[in-house]
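A.B. asks: give the three-dimensional model of this entry:
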Amino acid sequence: MTGTHPHGAEELCEAGLHLYTRALREGWVSAADADKVPCLADLGLLQPDLGDLRRLRPVTPAFALHRLLRAVEDRIADERRREERLAAMFESLVAIDGPHPAAAAAPEIGVLSGLDRIGQALHRAVTDTSGEVLTIQPVTNHTHSPAGLHAEALARDQALLDRGGRIRVIYQHTLRHAPSILARYERLHGDVEARTLDEVTQRLIVVEREVAFIPASKDRTLALEIRQPAIVDFLATAFDRLWRLATPMYPRAVQQPSLDGITSRQRAIAAFLVEGHTDAVIADRLGMNIRTARVHIAKLAATLGSESRAQLGYLIGRSGILDREA
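C.D. replies: Next comes the predicted model:
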């Protein structure tokens, strides 16, 4: 029975290469062996032995290569002739000046690869506007940018404000007192506000409610540039709702309120504890290191009089602290 290709029709598999090498060294191979490796016949590397039809003799590699390359050249020539026919066919159609703006429009969702390309696209979007820029900035390994990038972003934001634009940013509560963040806003002059929440989404930038940027990979080396109106409007609306829930940080900082000695941070941790999350997950979700999270858990346990993790969950539920708002 003749074998089948486990690979492309114009590829030489390892078994085929081994049998062809043997044929070159010994001068022939049996037809039965060749049937098991059909790519040799398909590539024209073996030919019948007229003196013994049970055998096949190898075609010289130089001749076989020349014939295969000629076939490739013929296909390329065919494709070029097809290209010329299509160009001629559409030449008159392209000249028609019709009202088809959608056909020439840029893709509504594009993928940006690399920090440089992402930065350039963001710079173009912000430079072209004098409207509003909305940003959600979670705590990540990339929160503290190199000095050069920080200065470039600061200049870009100030130029936007100078054109009459507006900037609104949501951070996590863990950055409320970060010196670098506060210093950044003290250097900006214009309509800029920052607020904080215990937990925020992944990074989001919406420019004038017309284009949005979101990460497409965990290391943020891939991003999506979104210009689809419905999606951009959805993201901007989500920002607005988070903004109303957030606590002012700049220009006027508001002290985080407490209920019965339990701060809003501890209430956020309590909610995660009731859901059964580990200390590591809680720390990651709230943008703090695990030791800080454990300090807050210990303070919460002391306030509620808990002596164990299991008891703490029970006391949180009985206290009703998750049912009340400051």
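
A.B. asks: ok, now which ones touch the residue sitting furthest away from the middle of the chain?
C.D. replies: Ranked by distance from the centre of the chain (C-alpha atoms, centre = their mean), the top residue is residue 51, with 64.3 Å. Contact analysis of residue 51 by C-beta atoms under 8 Å, 6 or more residues apart in numbering lists nothing. All C-beta spots, glycine's among them, are computed from the backbone N, C-alpha and C.

A.B. asks: ok, it to residue 193 distance?
C.D. replies: 92 Å (C-beta to C-beta, to the nearest Å).

A.B. asks: likewise residue 124?
C.D. replies: In terms of C-beta to C-beta, residue 124 sits 24 Å off from residue 193.

A.B. asks: pLDDT (mean, whole number) over whichever helix or strand residue 34 is part of?
C.D. replies: Using DSSP states H and E, residue 34 maps to helix 31-35. The predicted model assigns helix 31-35 a mean pLDDT of 88.

A.B. asks: buried residues, the next helix-or-strand element following that helix. List them.
C.D. replies: Note on helix 31-35: by DSSP H and E, the next helix or strand toward the C-terminus is helix 39-42. Neighbour counts over helix 39-42 (16 or more other C-beta atoms under 10 Å) mark 39-41 as buried.

A.B. asks: from the residues you listed, which one has the minimum pLDDT?
C.D. replies: Confidence-wise, residue 41 trails the rest of those, at 80.

A.B. asks: which non-adjacent residue is nearest that residue?
C.D. replies: residue 34 (6.5 Å; C-beta to C-beta, 6 or more residues apart in numbering).

A.B. asks: how about residue 53?
C.D. replies: Nearest to residue 53 is residue 31, by C-beta to C-beta, 6+ apart, at 7.2 Å.

A.B. asks: who are the contact partners of the one you found?
C.D. replies: By C-beta under 8 Å, 6+ apart, the neighbours of residue 31 are 53-56.

A.B. asks: do residue 313 as well
C.D. replies: Per C-beta under 8 Å, 6+ apart, neighbours of residue 313: 273-274.

A.B. asks: how about residue 280, nearest residue that isn't a chain neighbour?
C.D. replies: Per C-beta to C-beta, 6+ apart, closest to residue 280 is residue 290, 5.6 Å.

A.B. asks: distance from stretch 210-218 to the middle of the chain?
C.D. replies: Between the centre of stretch 210-218 and the centre of its chain there are 7 Å (C-alpha atoms, centre = their mean, to the nearest Å).
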